[in-house]
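Asker: Next come a sequence and a model predicted from it.
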Amino acid sequence: MKFNAGEIASVIQKEIEDFRGQLQTSEVGHVVEVGDGIARVYGLASAMAGEMVEFSSGVRGQVFNLEENSVGVIILGDYLKISEGDEVRTTGALLSVPVGNALIGRVVDPLGVALDGKGPVMAESTRPLETMAPGVAARQPVKQPLQTGIKAVDAMTPVGRGQRELIIGDRKTGKTAVAVDAIINQKGGDVICVYVSCGQRSSTTARVIDALTNAGAMDYTIVVSASASDPAPLQYIAPYAGAAIAEYFMYQGKHTLVVYDDLTRQATAYRQLSLLMRRPPGREAYPGDVFYCHSRLLERAAKLSDELGGGSMTALPIIETLEGEVSAYIPTNVISITDGQIYLEPDLFFKGVRPAINVGISVSRVGGNAQTKAMKKVAGSLRLDLAAFRELEAFAQLGTELDKATQQQLDRGYRMVELLKQPQFRPLPAADQVMSIYAGSKGYFDKVPVPRVQEAETNMLEFMREQKSEVRDVLVNTGVLDDKTEAALKAALEEWRRNWEETHK
């Protein structure tokens, strides 16, 4: 066999280029026991907690438990490919996920592997799944609104950029719908969204992706999916992967919104892994640190200080309750970590009030700070008015005679409830919400029959857009409802009411 001198030179040159002066060492251990997504490994004496390890079959794992004689590893892949006696190598690196602009519009698993059939994700860098949350000095107060496009949310439980607002309720009460509408409402804005599907059926996740695609929202959205059929370790790390992806953009000075759908299933996966690892069970058989598991995830949501770029990460965790049991273990844990909750009530949902928000239990601890001045002005008393209406409604059902003022308050309450109903995937701009709530609370719909309130609202918004665009433009551009704008709005609504009453005699 003859060798060309040029070929030999190029091989030698490549070897010189690839040469590394330092020695690369990795510890090698052996699998003692494997099953149900976990493995016990002997011989990794210097392994770190959270370190990534690699099995001889190519499957990756994460160090979960550090014990006296062995290491407990959760297997991030097919554990059936691993058998007793297999070699395990340390990597010296913490478990990381690919991050960057290449992920936008993609559907990936918690390790960054593409699931959408569009080829591998060519990410520019990686980021550890778990990082320290920003400290108090690195943050600034939450003052900038993150509009969800849902009247009932933006008016009564507003969400600010950097806030953590819990969405809680029973199965099939529209929790995901609220979160998806919030993502769709960011279209044309400056917010990058991350939707984490954790423990959901694949068909449910596919429906959400379809809805986002049809609304044009996948242009600024990343979907991280660990479905119900995926191993428990992947379901456990999925929310952390979503947080790491969003954090990358936050530290670049951008605004992000992360939806964790849902943390109840993540807690169940964590319980499963923990009990297999013989961690001591506590209340309702969850290990004692399940609170820490959720708090270290949700504390990463923040509005960064101007020195750090002023980026933000807003978190919308979702929790599923059983029979409205808000005082169960996981719901109380997450309620105490977040800055408020949107509680969706089954009774309201089945009555057709959608979104089925219970104004009595729902709260935002940021409140009016996360609203535009116009919304703050028109929605100030809305929560109290609706709560008073619910009490009155219960009283009126006793069949008692009501005086004229009480009857009028009750009638307006019915119309306000009707006004706050909103179809799915139809978020409203902030200016339109302000006009609707103002018109309802000032009595412009009082003579409209209750079943026709939504039709009248659509007609009113169309009238304002087409014939009184100058009033609407002030609200869009300034977000302020001063005396001059209010007078113009009143005049426009009076004109609309006269037109409506004439055409619907």
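Answerer: Ah, there it is.
Asker: Buried ones in stretch 364-375, by neighbour count?
Answerer: 364, 366, 369-372, 374-375 (16 or more other C-beta atoms under 10 Å). C-beta: built from backbone N, CA, C; applies to glycine.
Asker: Could you do stretch 419-429 as well?
Answerer: Applying 16+ other C-beta under 10 Å to stretch 419-429 flags 419-422, 424, 427-429 as buried.
Asker: Quick one: mean pLDDT for it?
Answerer: What stretch 419-429 shows for mean pLDDT is 94.
Asker: chain center to that stretch, what's the gap?
Answerer: Stretch 419-429 sits 19 Å away from the centroid of its parent chain (C-alpha atoms, centre = their mean, to the nearest Å).
Asker: contacting residues around it?
Answerer: Here stretch 419-429 makes contact (C-beta atoms under 8 Å, 6 or more residues apart in numbering) with 147-152, 155, 174, 177, 180-182, 184-185, 211, 214-215, 352-355, 357, 436-437, 440, 445, 453-454, 457, 476.
Asker: Among the residues you listed, name the ones in strands.
Answerer: The strands, defined by DSSP state E, take in nothing from those.
Asker: Identify, from the buried residues of stretch 419-429, the entry nearest to residue 295.
Answerer: For the buried residues of stretch 419-429, the residue nearest residue 295 by C-beta to C-beta is residue 427; the value is 30.2 Å.
Asker: part of a helix, is that closest one?
Answerer: No - counting by DSSP: H, G, I helix; E, B strand; the rest coil, residue 427 is not part of a helix but coil.
Asker: Phi and psi next, for it.
Answerer: Residue 427 adopts backbone torsions of phi -70, psi 150, taken as degrees, to the nearest 10.
Asker: For the residue nearest to it when sequence neighbours are not counted, the count of nearby residues, please.
Answerer: If the residues on either side of it in the chain are set aside, residue 427 comes closest to residue 149, at 2.2 Å by C-beta to C-beta, 6 or more residues apart in numbering. Counted with other C-beta atoms under 10 Å, the neighbours of residue 149 add up to 22.
Asker: how much space between residue 149 and residue 355?
Answerer: 11 Å (C-beta to C-beta, to the nearest Å).
Asker: Can you point out the buried residues in the helix or strand harbouring residue 385?
Answerer: Assigned by DSSP states H and E, residue 385 falls within helix 382-396. For helix 382-396, the neighbour count (16+ other C-beta under 10 Å) marks 382-383, 385-386, 389, 392, 396 as buried.
Asker: so what secondary structure elements neighbour the longest helix along the chain?
Answerer: Of all the segments assigned as helix in the chain under DSSP state H, the longest by residue count is helix 483-503. Packing contacts for helix 483-503, counted by 3 or more C-beta pairs under 8 Å, 6 or more residues apart in numbering; DSSP states H and E, involve helix 430-441, helix 453-466, helix 469-478.
Asker: and for the shortest one, what are the contacting residues?
Answerer: Where contact means C-beta under 8 Å, 6+ apart, the residues beyond helix 469-478 that reach it are 374, 429-432, 434-435, 464-465, 480-481, 485, 488-489, 492.
Asker: Stretch 340-356 too?
Answerer: 150, 152-153, 157, 163, 165-170, 172-175, 177-178, 324, 326, 335, 357-358, 361-366, 417, 420-422, 424.
Asker: end-to-end on that stretch?
Answerer: This stretch, stretch 340-356, spans 17 Å end to end (C-alpha to C-alpha, to the nearest Å).
Asker: Give me the buried positions along that stretch.
Answerer: Using 16+ other C-beta under 10 Å as the test for burial, stretch 340-356 gives 340-346, 348-349, 353-356.
Asker: Reformat the residues you listed into JSON lines and put pLDDT next to each item.
Answerer: Converted to JSON lines, those look like this (pLDDT from 0 to 100):
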{"residue": "340", "pLDDT": "95"}
{"residue": "341", "pLDDT": "97"}
{"residue": "342", "pLDDT": "97"}
{"residue": "343", "pLDDT": "97"}
{"residue": "344", "pLDDT": "97"}
{"residue": "345", "pLDDT": "95"}
{"residue": "346", "pLDDT": "95"}
{"residue": "348", "pLDDT": "92"}
{"residue": "349", "pLDDT": "95"}
{"residue": "353", "pLDDT": "93"}
{"residue": "354", "pLDDT": "93"}
{"residue": "355", "pLDDT": "95"}
{"residue": "356", "pLDDT": "95"}
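Asker: That concludes my questions; thank you for your assistance.
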